[in-house]
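Student: got a structure for you, letters missing:
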């Protein structure tokens, strides 16, 4: 299915968020996720189904003031 | 200084981690600053996150994630939730920006987000103005620390409204307050501590200095001087001169 990952169109199989993260190479990465603007805790990624057109944000620690 | 959410900080200096010429310069600046807290953010994963996090962990300071760049309560709340998981802390420097030019907080969104996050167990550090009514509302909503601005973020103007800040400090004598944003010089930081603020948070003033490590050291000395001066109970200013040398016993010449 086609979803948007960090603003870019991507093709993922899913069906769960955890599956998509593994496909994208972030299975073990230190990242936090939000789906369609809502936080998805790490423990819920395996139970969160993706749908075509979903907006996924994958965020990492970054410099800040 | 007053404890922040039950934590006694070793230094009243909080330092940002952005805009340094290199990670090595940032580490050196932190060492020279003696800062007790490092602010961090979260952004779209580009492959650098883990390396940055390893450096931050190595600094041995408290980590304060921010919601920089958020323009609505909803955006800030989601960002805070993600930050809590990523950084493993309930602390959140809550920024809800209301104006793109001044980067001043949106008081309404800030209040909504503070209320929601405090209810979720977050320990909120709201980035606010010197507005006393808003401060009261933020405290009522569950914030136990306030972060009034000195001046707009990155401006380096220092304490832009001394009257308002002094009034705010006096109105809530028991609330820990951190002057966040707008400081450009060590004298601004000393000024804030002398006025009774508990700590200062700065980033650009150190990171964009020609020699960030030297400037970090200068800020460390300034906050130490300011805190010491506050404890020493400064004299009250007066409008007219008063001779310090005794008048009695002066020769008739």
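Tutor: Received, thanks. What you see is a predicted model; the values in this text were computed from it and never measured.

Student: What residues does the residue positioned nearest the centre of chain A make contact with?
Tutor: By CA atoms, centre = their mean, chain A has its centre lying nearest to residue A:56, at 4.6 Å. Contact analysis of residue A:56 by CB atoms under 8 Å, 6 or more residues apart in numbering or on different chains lists A:3-6, A:17, A:20, A:33-35, A:50. From N, CA and C alone the C-beta is placed, and that goes for glycine too.

Student: quick one, phi psi at residue B:92?
Tutor: The phi and psi values for residue B:92, taken as degrees, to the nearest 10, are phi -150, psi 120.

Student: Disregarding flanking residues, what is the spatial nearest neighbour of it?
Tutor: Nearest non-adjacent residue to residue B:92, counting by CB to CB, 6 or more residues apart in numbering or on different chains: residue B:80, 4.5 Å away.

Student: Would you mind confirming that that neighbour makes contact with residue B:121?
Tutor: No: at 10.9 Å, residue B:80 does not count as touching residue B:121 under the criterion of CB atoms under 8 Å.

Student: Looking only at neighbour counts, state which of those two leads.
Tutor: Neighbour tally, residue B:80 and residue B:121, criterion other CB atoms under 10 Å in any protein chain shown: the higher count belongs to residue B:80, 26 against 9.

Student: so the residue nearest to residue B:59 when sequence neighbours are not counted, which of the three states?
Tutor: Spatial nearest neighbour of residue B:59, excluding adjacent residues (CB to CB, 6+ apart): residue B:30 at 5.1 Å. Under DSSP: H, G, I helix; E, B strand; the rest coil, residue B:30 falls in the helix class.

Student: since we're on residue B:30, how many residues are nearby?
Tutor: Using other CB under 10 Å, residue B:30 is surrounded by 25 other residues.

Student: tell me the contacts of it?
Tutor: Neighbouring residues of residue B:30 by CB under 8 Å, 6+ apart: B:15, B:38, B:59, B:61, B:216.

Student: What segments of chain A are strands?
Tutor: For chain A, the strands defined by DSSP state E occupy A:2-5, A:8-11, A:32-35, A:38-40, A:55-63.

Student: wait, which of the ones you listed is closest to residue B:154?
Tutor: Distance to residue B:154, taken as CB to CB, is lowest for strand A:55-63 among these, at 14.1 Å.

Student: Need the contact partners of the longest helix anywhere in chain B.
Tutor: Longest helix in chain B, counting residues (DSSP state H): helix B:212-231. Contacts with helix B:212-231, where a contact means CB under 8 Å, 6+ apart, come from B:1, B:11-13, B:15, B:20-21, B:25-26, B:28-35, B:186-187, B:189-196, B:199-200, B:202, B:205-206, B:209.

Student: starting at the chain centroid, how far to stretch B:219-228?
Tutor: Stretch B:219-228 sits 14 Å away from the centroid of its parent chain (CA atoms, centre = their mean, to the nearest Å).

Student: So which bits of chain B are right by chain A?
Tutor: Proximity of chain B to chain A, by CB under 8 Å from any CB of the partner chain, involves residues B:16-20, B:39-46, B:48-50, B:52-53, B:56, B:65-66, B:68, B:74-75, B:78, B:81-83, B:85-87, B:153, B:203-204.

Student: Now, of those residues, which are buried?
Tutor: B:16-20, B:39-43, B:45, B:49, B:52-53, B:56, B:65-66, B:68, B:74-75, B:78, B:81-83, B:85-87, B:153, B:203-204 (16 or more other CB atoms under 10 Å in any protein chain shown).

Student: Narrow those to those in helices?
Tutor: The subset of these located in helices under the criterion DSSP H comprises B:49, B:52-53, B:56, B:74-75, B:78, B:81-83, B:85-87, B:204.
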